[in-house]
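K.L.:
Sequence first, then the predicted structure:
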Amino acid sequence: PASAKRVLITGAAGQIGYALCPMVAAGRMLGPDQPVILHLLDIAPAAAALEGVKMELLDAAFPLLQGIVTSTDPAEACSGVDVAVMVGGFPRKAGMERKDVMGKNVSIYAAQARALEANASKDVKVLVVANPANTNALMLAEHAPSIPPENITAMTRLDHNRALAQVAERAGVPVTKVKNVIIWGNHSSTQYPDVSHGTVDGKPIREALKGSEGWLAEEFVPTVQQRGAAIIKARGLSSAMSAASSACDHVRNWLLGTAPGTWVSMGVLSDGSYGQPKGLVYSFPCTCKAGEWSIVQGLEIDAVSAEKMRATAEELAEERELALECIKE
Ligand code: NAX
């Protein structure tokens, strides 16, 4: 049997952590034959809750789970990890300025970058979930220069999965029949969910949804963009189970590969593809093979799409400026 892989989950005592831990322990992230050791990090006020999560993980007797490390010390939690899922962060509280929240998260991500650099496996693969996810990932990369930047990604897979699900519901087909939607840009309401290159059962989405042009033009994009808010309104809590499941999908496809002819959306360091500024963590359509992602090239972009892709890049550039100001102060 394969030797166990160590998976760090930060913010493990939180909502997403509670949903994510059992999924990873059950093999949804690294595959059904891959034993795992969970490294769970949270902050001191959550230490007791973190122990409770550990107790439940033990009680569930997951066959693949070979060990659990809980810690409130980033260095200890990062020790030897092969995969790091960064879910912990500082939430925006009522009355807080955007810049104050950014400042808190820049400090957290700078410190955790150093802890990963010093303690994680040299080939650690990092997924940032915590918001602002793209900019947190960029700050992590900035503060961990010895981790190859291609090993640091941000999660837009939940948005991607939301887009697949909306199209499947509309077409009345199982979600597995829908492929190759794209989330461009930021994991925020400026993201551009794009169906131009997607298919339903092999047919272009626009053809498969003949008669639903109005829905595609006016409802689909805002529904995906605002889905997080709709969940909060309905549940009184933000998305957790769907976020955890999407984090498993992101890492599994990254490490084990995407299916032939299929791409997924990932926040990765822009190399200037599709004219999107270098040096931003921007969500692109990606294919993956054995732990390496590449941006799908050569898709035709019409003027409407180009404008939406530019607008979300502009927001990311503003976030980066704000984050860099926070570092200086
Ligand atoms: P919770 O507030 O339930 O959990 C966050 C946990 O992080 C808490 O246990 C907290 O103590 C811990 N934490 C805070 N600072 C920490 C630090 N410095 N080191 C380690 N742990 C720390 O939030 P939850 O609902 O789990 O959401 C977590 C993050 O995911 C948030 O930033 C949220 O905005 C973000 N999301 C991102 C999504 C995405 O698609 N990229 C979707 C879902 C979610 O909204």
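P.N.:
Perfect, I can see it now.
K.L.:
For the closest residue to the ligand within the stretch 51-200 of the chain, which non-adjacent residue is spatially closest?
P.N.:
Nearest residue of the stretch 51-200 of the chain to the ligand: Gly88, at 2.6 Å (Cβ to the nearest ligand atom). Heads up, the C-betas are built off the backbone N, CA and C, glycines and all. Once flanking residues are discounted, Gly88 sits nearest to Gly11: 2.8 Å by Cβ to Cβ, 6 or more residues apart in numbering.
K.L.:
could you list every residue that touches the one you found?
P.N.:
By Cβ atoms under 8 Å, 6 or more residues apart in numbering, the residues touching Gly11 are 17, 41-42, 86-89, 130.
K.L.:
So which of those sit within strands?
P.N.:
In this view, those that belong to strands under DSSP state E are 41, 86.
K.L.:
Quote the end-to-end distance of stretch 88-97.
P.N.:
End-to-end distance of stretch 88-97 (Cα to Cα, to the nearest Å): 19 Å.
K.L.:
Need the residues that contact that stretch.
P.N.:
Contacts for stretch 88-97 (Cβ under 8 Å, 6+ apart): 10-12, 14, 41-43, 98, 101, 104-105, 108-109, 130-131, 136.
K.L.:
Nearest to Val195 among the residues you listed?
P.N.:
Asn131 (24.8 Å; Cβ to Cβ).
K.L.:
which ones are touching that closest one?
P.N.:
Contacts for Asn131 (Cβ under 8 Å, 6+ apart) come out as 89, 105, 187-188.
K.L.:
for Thr223, what are its contacts?
P.N.:
By Cβ under 8 Å, 6+ apart, the contact list for Thr223 reads 166, 230.
K.L.:
centroid residue for the protein?
P.N.:
Met155 (1.5 Å; Cα atoms, centre = their mean).
K.L.:
ok, now how distant is Ala163 from Phe220?
P.N.:
Ala163 sits at a distance of 8 Å from Phe220 (criterion: Cβ to Cβ, to the nearest Å).
K.L.:
what is in contact with those two at once?
P.N.:
Residues touching both Ala163 and Phe220 (Cβ under 8 Å, 6+ apart): 193, 195.
K.L.:
Compare those two and say which is more crowded by neighbours.
P.N.:
Neighbours per residue, other Cβ atoms under 10 Å: of Ala163 and Phe220, the larger number sits with Ala163, 27 against 22.
K.L.:
The more buried one: which element?
P.N.:
Secondary structure from DSSP states H and E places Ala163 in helix 157-171.
K.L.:
So which residues make contact with that helix?
P.N.:
174-175, 177-179, 181-183, 187, 191, 193, 195, 198, 200, 205, 208-209, 212, 215, 220, 223-224, 227, 239, 242-243, 245-247, 249-250, 264-266, 283.
K.L.:
one more time with 7 Å, if that's ok
P.N.:
The contact list for helix 157-171 (Cβ atoms under 7 Å, 6 or more residues apart in numbering) reads 174-175, 177-178, 181, 183, 187, 191, 193, 195, 198, 200, 205, 208-209, 212, 215, 220, 223-224, 227, 239, 242-243, 246, 249-250, 264-265.
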